[in-house]
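*Asks:* Sharing a model prediction with you, sequence too.
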Amino acid sequence: MKISDYLDPQLVVFLTAESRDGAIKALVDLLDEGGKLADKKVFQEAIFTREGLVSTGIGMGIAIPHAKMKSIGQFFIAIGLQQAQGIEWNSLDKVPVRIIFMIGGPDDKQTEYLQILSMLTSAIRSVDLRKKLLKATSSKEVMDLFTNALP
């Protein structure tokens, strides 16, 4: 199992959104257009509900909004990059978010979900990877970083 197994170049977006809600909506739209969501509205509500419990801004300029639902068959990760000033996300370290990993998947596969989170958080600890992501100019470049740079 690798992070790249859950990625799709069509699920990478370079965000212009300046707010957390705008970024979330842009990623949900991307997932819906990519055919990943059975019900866009329900998924978006689940993301916002989760965000209302505790911010998914984990620090280092990264947020990992997520939702698990019966209507989703397999896990996926959409990537949003806000390469400009960052987005206020109420992160643990108060640093604006510039890299967003939106995860969706089935609600009955907790072990797989925890493995995905573990792999992702291990990868993004790399300052080099974060810098390269923020300098990327195409979804192919982002995909290559996860395919070639990580085990």
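*Replies:* Thanks, I have the structure now.

*Asks:* For the residue nearest to Asp21 when sequence neighbours are not counted, give me the pLDDT.
*Replies:* Spatial nearest neighbour of Asp21, excluding adjacent residues (Cβ to Cβ, 6 or more residues apart in numbering): Phe48 at 7.7 Å. For glycine as for every other residue, the C-beta is placed from the backbone atoms N, C-alpha and C. Looking at Phe48, its pLDDT stands at 95.

*Asks:* What distance do you get for Phe48 to Ser19?
*Replies:* In this view, Phe48 and Ser19 are 13 Å apart by Cβ to Cβ, to the nearest Å.

*Asks:* who has more neighbours, those two?
*Replies:* Applying other Cβ atoms under 10 Å to Phe48 and Ser19 shows that Phe48 carries more neighbours, namely 16 against 11.

*Asks:* Secondary structure element for that one, which one?
*Replies:* Here Phe48 sits within helix 40-53, counting by DSSP states H and E.

*Asks:* swap in Ile103?
*Replies:* Short version, using DSSP H and E: Ile103 is in strand 99-105.

*Asks:* any idea of the mean pLDDT for that strand?
*Replies:* 96.

*Asks:* from the chain's centre, how far out does that strand sit?
*Replies:* 2 Å (Cα atoms, centre = their mean, to the nearest Å).

*Asks:* Could you export it as CSV, CA atoms only?
*Replies:* Backbone C-alpha positions of strand 99-105 (Å, rounded to 0.1, in the frame of the first residue of the first chain) are rendered in CSV as follows:
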residue,chain,number,x,y,z
ILE,A,99,-1.5,22.1,1.3
ILE,A,100,-4.8,20.2,1.7
PHE,A,101,-5.4,16.5,1.5
MET,A,102,-9.1,15.7,1.4
ILE,A,103,-9.7,12.0,2.2
GLY,A,104,-13.0,10.2,1.6
GLY,A,105,-13.7,6.5,2.0
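
*Asks:* what's it packed up against?
*Replies:* Packing partners of strand 99-105 (3 or more Cβ pairs under 8 Å, 6 or more residues apart in numbering; DSSP states H and E): helix 20-33, strand 62-63, strand 66-68, strand 76-81, helix 110-124, helix 127-135.

*Asks:* Nearest residue to Ser71 in space, please, no chain neighbours.
*Replies:* Nearest to Ser71 is Ala38, by Cβ to Cβ, 6+ apart, at 4.0 Å.

*Asks:* Relative to Thr137, how far out is the closest residue to Gln85 other than its chain neighbours?
*Replies:* Leaving out its chain neighbours, the residue that sits closest to Gln85 by Cβ to Cβ, 6+ apart is Pro96, at 6.7 Å. Computed as Cβ to Cβ, the Pro96 to Thr137 distance reads 21 Å.

*Asks:* Brilliant, that's me finished.
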